[in-house]
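Only the shape, not the letters, is given here:
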């Protein structure tokens, strides 16, 4: 075997290695993207169903409170006040409760 044959063989094997490495990187990227996307779809679905559940439960509770107080609008005002307090607490704790856990979960999914 001559040195030119050895160099040609080395170049061919290097090309094969590079092609394999590119394909592996592409497949890993597809896998991570699919994992993140499926997690987002499941989370959005759960949030949507939870929102509908909370909406109907809130309407029922507002009507019940309003009936007990003698005027339906009182029940809706009480429920609105309750949600305003919840919104305020969530706003104050948004970094700790929402932003940081979501960022950490996305980073974990991408580095997995």
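Received it, and whenever you're ready, just let me know what you need. Given the structure is predicted, the values throughout are model-derived calculations rather than measurements. Numbers count the residues shown, from 1 in each chain.

Show me what the helix or strand harbouring residue 74 is packed up against.
For residue 74, the host element (DSSP states H and E) is helix 72-92. Secondary-structure packing of helix 72-92 (3 or more C-beta pairs under 8 Å, 6 or more residues apart in numbering; DSSP states H and E): helix 3-69. Placement of C-beta: from N, CA and C, glycine included.

Could you tell me which other helices and strands the helix it packs on packs against?
Short answer (3+ C-beta pairs under 8 Å, 6+ apart): helix 3-69 packs on helix 72-92, helix 100-111.

buried stuff in the last one?
In this case it means helix 100-111. For helix 100-111, a neighbour-count test (16 or more other C-beta atoms under 10 Å) marks residue 109 as buried.

Next, the angle helix 3-69 makes with that helix.
150 degrees (axes from the mean of the first three to the mean of the last three C-alpha atoms, to 10 degrees).

what's the answer for the first one, then?
Put simply, helix 72-92 runs at 150 degrees to helix 3-69, going by the same axes, to 10 degrees.

Where does the prediction get shaky in the chain?
Residues of the chain meeting the criterion pLDDT under 70: 1.

Spatially central residue in it, please.
When the chain is reduced to its mean C-alpha position, the nearest residue by C-alpha atoms, centre = their mean turns out to be residue 40, at 3.9 Å.

I'd like to know how far it sits from residue 2.
57 Å (C-beta to C-beta, to the nearest Å).

can you check residue 66 too?
Distance of residue 66 to residue 2, given as C-beta to C-beta: 95 Å.

Any buried residues in the helix holding residue 74, and which?
For helix 72-92, by 16+ other C-beta under 10 Å, it's 75-76, 79.

what's the offset of stretch 53-61 from the middle of its chain?
25 Å (C-alpha atoms, centre = their mean, to the nearest Å).

which other residues reach it?
Contact partners of stretch 53-61, identified using C-beta atoms under 8 Å, 6 or more residues apart in numbering, comprise 75, 79, 83.

For the first one, which residues are in contact?
The neighbours of residue 75, taking C-beta under 8 Å, 6+ apart as the test, are 61-69.

Please indicate which of those are buried?
Neighbour counting over the contacts of residue 75 (16+ other C-beta under 10 Å) leaves 62, 65-66 as the buried ones.
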